[in-house]
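J.: would you be able to build a 3D model of this:
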Amino acid sequence: MPARKRVNSSGTTLAIETSCDETSVALVRQGAILVSLVSSQVSIHAEYGGVVPELATREHLRNLPPLVQTACARADCPPAALSAIAATQGPGLPNALMIGLKTAQGLAFALERPFYGIHHHEAHLYSAWIDGTPPRADLDILPPHVSLIVSGGHTLLVHVPSPLHHIVLGSTLDDAAGECFDKTAKLLGLPYPGGPVIDQLAEGGQPDAFDFPRPLRDDATLDFSFSGLKTAVRYFLRDHPDLTADPSALRDLCASVQAAIVDVLVTKTVRAARRCAVRCITASGGVVGNRLLRRELAAAADRLGCTLRLAAGPFCSDNAAMVAILADHLWRHGAPATDCDAEPRPGWDLSDVRPTSPATARSARADPGPSGCSPCSSRS
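T.: This is a model prediction of the structure:
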């Protein structure tokens, strides 16, 4: 089925996000967020210690229709006045993605509006540029930068030489940073989601109390691997079974694990910024809500003389506002719409959104030369 043509209307884009366990709807007009609603499922999945895909899908089915109605009402924008419709097309849980994607496609078809299938990580990438009151983002004037994306089961470093031009520098090989936080919390008997709980406990602990490994921190690549750290925690608890009963020791343990994860993330991000010779760093995704990570990134950027943009709290976790911001930008610039018959892409790689030539991608990942910058620096 061909994508729907562009029509004259209010200039408002509605977006839906259902890639995992948050049901979210947002409306954006000319880069400004009119309304952003999120229905969280944390309490539902907490008793299982993680997201149960079937339950997430059921909750999306239940929550999405009234959320769309409420969002349109609060923005004083009836569906007939919408200019474009968007939804997260991937990556994510297949059935969860299906709910939001097909709902958005149905709206686009019925209203004869263009539909945009948005990449979840690309939306996170640009969420770092949302600020102000009311919140808005102008994606036309972005400087070249390196972006750290730490979202759910993914950890990525991306070079952005210009708006909508991405070169993936490194990615997750096994467990991502967020998974390491959650799995460590589960090992410690802490509630789900584990990341915020560890962050809270770590504030009162000593980060050098226990020496945990920093996987791939000193490796020449910009890839990430946190499976070894999770395993190290498991063996540590096996050898110290009574440690978690001591509140002070538990805080020290959380602080030490958190310090190891943050050390890897910051070290790799700094290395990427140097290789690509950029003067701006951004960070986004749920893990960017971690207070130590925000402080350490700020200190590292200051030492480098780089500008730092961190996603604001409401836009760190999964939300439709970041999806709408990107879709609104694409619509206003006349980007080709996505086919209304397009299927979810659960394993969609960011490199496939706007493919870069293999030679460019290889040079971006290359080890630094004598000057400390890889060949990608000449294009930034």
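J.: doesn't V150 fall inside a strand?
T.: Yes. V150 forms part of a strand when assessed by DSSP: H, G, I helix; E, B strand; the rest coil.
J.: state the distance from it to T12.
T.: 31 Å (CB to CB, to the nearest Å). For every residue, glycine as well, the C-beta is placed using N, CA and C.
J.: more crowded one of the two?
T.: V150 (29 against 22; other CB atoms under 10 Å).
J.: neighbours around L14, how many?
T.: L14 is flanked by 32 other residues according to other CB under 10 Å.
J.: pLDDT score for A301?
T.: A301 carries a pLDDT value of 98.
J.: err, A361, not the other one
T.: 46.
J.: and for the one 10 residues further on?
T.: Among the per-residue scores, S371 shows a pLDDT of 34.
J.: numbering from 39 from now on, please.
T.: Let's use 39 as the start, then, which means that last one is S409.
J.: which helix or strand in the chain has the lowest average pLDDT?
T.: helix 396-403 (a mean of 47; mean pLDDT, DSSP states H and E).
J.: residue nearest the centroid of the protein?
T.: Most central in the chain under CA atoms, centre = their mean is G323, positioned 3.3 Å from the mean C-alpha point.
J.: check the burial of the residue lying closest to it once chain neighbours are set aside by counting its neighbours.
T.: Leaving aside its sequence neighbours, G323 sits nearest to S189 (CB to CB, 6 or more residues apart in numbering; 3.4 Å). Around S189 there are 28 other residues, counting by other CB under 10 Å.
J.: what do you get for E92?
T.: That count, for E92 with other CB under 10 Å as the rule, works out to 10.
J.: ditto for C218
T.: C218 has 30 neighbouring residues, counting by other CB under 10 Å.
J.: so what secondary structure elements neighbour the strand or helix carrying it?
T.: Using DSSP states H and E, C218 falls within helix 215-225. When contacts are defined as 3 or more CB pairs under 8 Å, 6 or more residues apart in numbering; DSSP states H and E, helix 215-225 packs onto strand 183-189, helix 232-240, helix 265-277, helix 285-314.
J.: contacts for the second one next, please.
T.: It refers to helix 232-240. Contact partners of helix 232-240, identified using CB atoms under 8 Å, 6 or more residues apart in numbering, comprise 216, 219-224, 226, 228-229, 288-289, 292-293, 295-297, 324-325, 327-330.
J.: how far away is the nearest residue to A311 once chain neighbours are set aside from A70?
T.: Leaving out its chain neighbours, the residue that sits closest to A311 by CB to CB, 6+ apart is V184, at 4.7 Å. According to CB to CB, V184 and A70 sit 27 Å apart.
J.: buried residues in the helix holding C218?
T.: Residues of helix 215-225 classed as buried by neighbour count (16 or more other CB atoms under 10 Å): A215, G216, E217, C218, F219, D220, K221, T222, A223, L225.
J.: partner residues bridging the residue nearest to G323?
T.: Residues in a beta bridge with S189, per DSSP bridges, are H192.
J.: OK, contacts around it?
T.: Neighbouring residues of S189 by CB under 8 Å, 6+ apart: H158, H159, H162, G216, S322, G323, G324, V325, D356.
J.: settle this for me: the fourth one is touching G324, isn't it.
T.: Yes. Between G216 and G324 there is a contact at 5.9 Å, judged by CB atoms under 8 Å.
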